[in-house]
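Asks: model this:
(one chain, ligands or ions: 1)
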Amino acid sequence: MLEDVKKVVAVASGKGGVGKSTVTANLALAVAAKGFKVGLLDADVYGPSQALMLGVADGVRPQTTHGNNFGPIEAQGLYTMSMAYLVTEKTPMVWRGPMVSGAFQQMLTQTDWPELDYLFIDMPPGTGDIQLTLAQKVQVSGAVIVTTPQDIALLDAKKGIEMFRKVKIPVLGVVENMSLHTCSECGHTEPVFGEGGGDRIAKEYDTVLLGQLPLTSTIREQADSGKPSVVAEPEGQIAGFFSEIADNVIAQLAETEQDVPTITFGD
Ligand SMILES: Nc1ncnc2c1ncn2[C@@H]1O[C@H](COP(=O)(O)OP(=O)(O)OP(=O)(O)O)[C@@H](O)[C@H]1O
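Replies: Numbers count the residues shown, from 1 in each chain. Okay, the predicted model is just below:
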């Protein structure tokens with residue numbers, strides 16, 4: 001159950017399509033590769049994509065346990081739960097806000113999570129109901145913000161940072177995705193979406209740049225084939241980037257923990 005989870009980490013982006021789900025899957029796998037027990041909750045209720053990325057076959061459904069609870073689905077060593085396991089492709093996702101928060105809350109609190117070191121939550125884009133539900137219902141250890149260096153994505157990332165601050169969830173840092181593109185033909189490297197954006201907002205908001213990831217078709221192809229880069233090529237360069245990001249996230253979590261004021265009693 002959720003009480004058995006030591007740290008809940010939200011992965012969010014202001015804007016859709018910046019690679020948040022891809023980063024969440026690889027980050028969770030990179031942390032698991034370090035020997036931790038890791039869970040992954042796909043809270044992108046409207047467009048759940050973790051099942052596909054983790055190679056969970058269509059039609060896999062969670063077992064019901066203890067009456068009303070779901071057993072998580074194990075995939076690539078992670079304990080996972082997703083809306084994709086609970087609805088069919090034909091189920092229309094034309095839901096109103098309260099229904100979405102209800103579904104999210106159920107997945108979070110009614111999944112029989114085993115004892116986990118980390119539970120990563122792939123948040124839906126934006127700053128809506130799910131974000132609020134999360135802040136109100138759970139003790140969240142921190143949030144990772146994913147952005148591309150593009151101005152418009154950065155603007156939305158800032159809104160995301162401000163929202164987490166408002167609801168008192170510590171922002172652990174920023175991951176800049178699709179930073180550089182390396183041409184597979186000539187090896188020329190180019191900052192397609194602009195340069196230094198992630199670093200700038202990290203400084204502006206007094207947080208850190210957790211890492212940068214290149215724009216490469218390998219990341220997309222491996223995720224689409226159900227084996228994210230961290231498991232497809234564990235010794236590869238991309239897995240190396242994710243391993244560094246994982247170290248930084250773990251270090252930031254340890255630091256925010258120290259920041260929490262402790263009450264001591266004298267005589
Ligand atoms: N660094 C990268 N290089 C190449 N392709 C990438 C990279 N990161 C993500 N992608 C691809 O971009 C697309 C969008 O990524 P993803 O679904 O992870 O984004 P998202 O922010 O979670 O989107 P949404 O908000 O719509 O769920 C996917 O096809 C993914 O494989």
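
Asks: when you work out contacts or count neighbours from here on, use the C-alpha atoms and nothing else.
Replies: Noted.

Asks: what segments of this protein are strands?
Replies: Remark: strands assigned in the chain by DSSP state E are 5-12, 38-42, 64-65, 69-70, 73-75, 78-82, 116-122, 142-147, 171-176, 181-182, 189-190, 209-212.

Asks: let me have these in a markdown table, extended by mean neighbour count, distance to the ligand and mean pLDDT.
Replies: What follows is the strands of the chain, written out as a markdown table (neighbours: other Cα atoms under 10 Å; distance: least, Cα to the nearest ligand atom, whole Å; pLDDT from 0 to 100):
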| stretch | mean neighbour count | distance to the ligand | mean pLDDT |
| --- | --- | --- | --- |
| strand 5-12 | 22 | 8 | 94 |
| strand 38-42 | 27 | 10 | 96 |
| strand 64-65 | 14 | 27 | 83 |
| strand 69-70 | 20 | 23 | 89 |
| strand 73-75 | 19 | 17 | 96 |
| strand 78-82 | 25 | 13 | 95 |
| strand 116-122 | 23 | 8 | 96 |
| strand 142-147 | 28 | 8 | 93 |
| strand 171-176 | 28 | 9 | 93 |
| strand 181-182 | 17 | 8 | 77 |
| strand 189-190 | 14 | 13 | 73 |
| strand 209-212 | 23 | 9 | 92 |
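
Asks: so which of the ones you listed is nearest N248?
Replies: For the strands of the chain, the distance to N248 is smallest for strand 209-212, at 5.9 Å, taking Cα to Cα.

Asks: direction included, what does that closest one pair against?
Replies: Using DSSP bridges, the strands paired with strand 209-212 are strand 171-176 (parallel).

Asks: what sits against the closest residue to the ligand within the stretch 51-200 of the chain?
Replies: Among the residues of the stretch 51-200 of the chain, M178 lies nearest to the ligand; the distance is 4.4 Å by Cα to the nearest ligand atom. Under the criterion of Cα atoms under 8 Å, 6 or more residues apart in numbering, the neighbours of M178 are 18, 148-149, 192-193, 212-216.

Asks: how about 6 Å then?
Replies: Applying Cα atoms under 6 Å, 6 or more residues apart in numbering to M178 gives the contacts 148, 213-215.

Asks: out of the residues you listed, which touch the ligand?
Replies: Restricting these to those near the ligand by Cα under 6 Å from any ligand atom leaves 213-215.

Asks: return the residues of this protein in contact with the ligand.
Replies: Taking Cα under 6 Å from any ligand atom as the test, the list of the chain residues beside the ligand reads 16-22, 125, 177-178, 213-217, 219-220, 223.

Asks: next step: these restricted to helices.
Replies: 20-22, 217, 219-220, 223 (DSSP state H).

Asks: I'd like to know which of these are buried.
Replies: 20-22, 219, 223 (16 or more other Cα atoms under 10 Å).

Asks: quick one: the helices in this protein, in order.
Replies: Applying DSSP H to the chain gives helices spanning 20-33, 50-53, 97-109, 129-137, 151-166, 197-204, 217-224, 229-232, 237-259.

Asks: out of those helices, which is the most enclosed?
Replies: Of the helices of the chain, the one with the most neighbours on average (mean count of other Cα atoms under 10 Å) is helix 20-33, at a mean of 24.

Asks: just the CA coordinates of that helix, formatted as CSV?
Replies: Taking Å, rounded to 0.1, in the frame of the first residue of the first chain, the C-alpha atoms of helix 20-33 are listed here in CSV:
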residue,chain,number,x,y,z
LYS,A,20,8.0,13.5,-19.9
SER,A,21,6.7,9.9,-20.2
THR,A,22,9.9,8.8,-21.9
VAL,A,23,12.0,10.4,-19.2
THR,A,24,9.9,9.0,-16.4
ALA,A,25,10.2,5.4,-17.7
ASN,A,26,14.0,5.7,-18.2
LEU,A,27,14.5,7.4,-14.9
ALA,A,28,12.6,4.8,-13.0
LEU,A,29,14.5,2.1,-14.7
ALA,A,30,17.8,3.8,-14.1
VAL,A,31,17.0,4.1,-10.3
ALA,A,32,16.0,0.4,-10.3
ALA,A,33,19.3,-0.5,-12.0
